[in-house]
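Trainee: This is the structure alone, sequence omitted:
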């Protein structure tokens with residue numbers, strides 16, 4: 001009597017992505033303090049920088065927050081998802097990543113699941129910042145808030161994918177990951193008008209800002225939170241976020257498939 005070998009488990013992209021996503025979310029659920037602690041930097045900017053803007057511009061606090069808070073929300077995504085590749089680097093150093101590579105999982109799901117995991121922290125942190133700013137006069141437009149959170153999520157998926165790609169490309173060279181990350185993140189922040197308006201800046205700075213996707217996302221968030229849902233800035237913000245997400249996922253999936 002002959003026996004039939006067990007059928008090999010074939011990768012299922014949708015199922016595998018869900019499994020990777022839930023696996024990545026478990027540490028966040030177990031240790032929510034790390035999520036709250038990561039808000040420290042945005043809160044410092046909100047608590048110390050916003051009063052300076054009020055003092056120098058003479059604009060009322062509520063109006064200043066209406067301009068400044070959306071930029072802080074984008075800052076959370078920029079700093080948070082931009083550094084997530086370090087988690088993957090740690091997994092590669094400990095051998096955990098290599099074990100997932102030999103598992104019967106779609107290689108694309110290993111990247112997509114990790115990238116989607118960034119959405120939950122982004123939404124929770126953004127809502128906390130909004131709740132903190134609200135008693136000080138920050139007005140919340142509910143439809144704008146919902147669309148703005150969706151825009152931040154798409155933007156975060158793109159940045160997270162690029163961060164994971166950088167981690168894969170700088171395997172065993174943690175210093176290079178942080179060198180590239182820090183070199184890029186601060187010019188993107190300054191040239192986005194996130195902290196200070198660029199209207200009075202040099203012509204070259206304003207020109208560079210027009211091709212900075214972070215700048216368009218910041219402008220879109222400001223329009224959305226002001227309730228101007230049909231503003232052209234909202235359209236360009238979505239274009240910038242979607243292009244970044246598509247490019248990030250494409251290069252990230254390619255890098256993951258070549259990973260060993």
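Mentor: On my side now, so go ahead. Nothing here was measured: the structure is a model prediction, and the numbers come from that model. Numbers count the residues shown, from 1 in each chain.

Trainee: Please count neighbours and contacts with C-alpha atoms only from this point.
Mentor: OK.

Trainee: Residue 113 touches residue 18, doesn't it?
Mentor: Yes - contact criterion Cα atoms under 8 Å: residue 113 and residue 18 qualify, at 6.5 Å.

Trainee: between the two, which one's more packed in?
Mentor: The neighbour count for residue 113 versus residue 18, taken as other Cα atoms under 10 Å, is higher for residue 113 (24 against 19).

Trainee: Give me the three-state assignment for that one.
Mentor: helix (DSSP: H, G, I helix; E, B strand; the rest coil).

Trainee: which residues does it contact?
Mentor: 16, 17, 18, 19, 20, 21, 24 (Cα atoms under 8 Å, 6 or more residues apart in numbering).

Trainee: Just among those residues, which is most surrounded?
Mentor: When neighbours are counted by other Cα under 10 Å, residue 17 leads those with 23 neighbours.

Trainee: mind checking which helix or strand it is in?
Mentor: Residue 17 is located in helix 13-30, with elements delineated by DSSP states H and E.

Trainee: That helix packs against which elements?
Mentor: Counting contacts by 3 or more Cα pairs under 8 Å, 6 or more residues apart in numbering; DSSP states H and E, helix 13-30 packs against helix 107-117.

Trainee: Can you list the buried residues in the helix or strand following the helix it packs on?
Mentor: Of the helices and strands lying after helix 107-117 in sequence (DSSP H and E), the nearest is helix 119-133. Going by neighbour count (16 or more other Cα atoms under 10 Å), the buried part of helix 119-133 is 119, 121, 122, 123, 125, 126, 129, 130, 133.

Trainee: With stretch 173-186 instead?
Mentor: Per 16+ other Cα under 10 Å, stretch 173-186 contains these buried residues: 177, 178, 181.

Trainee: what's in contact with whichever strand or helix holds the second one?
Mentor: It refers to residue 178. According to DSSP H and E, residue 178 maps onto helix 174-190. Contacting residues not belonging to helix 174-190 are listed as 75, 78-79, 82-83, 86, 89, 166-167, 170, 195-196, 212, 214 [Cα under 8 Å, 6+ apart].

Trainee: Filter those residues down to just the buried residues.
Mentor: For those, a burial check counting by 16+ other Cα under 10 Å picks out 75, 78-79, 82-83, 86, 89, 166-167, 170, 195-196, 212, 214.

Trainee: Which of the residues you listed fall within helices?
Mentor: In helices, defined here by DSSP state H, the members of the buried ones among the contacts of helix 174-190 are 75, 78, 79, 82, 86, 89, 166, 167, 214.
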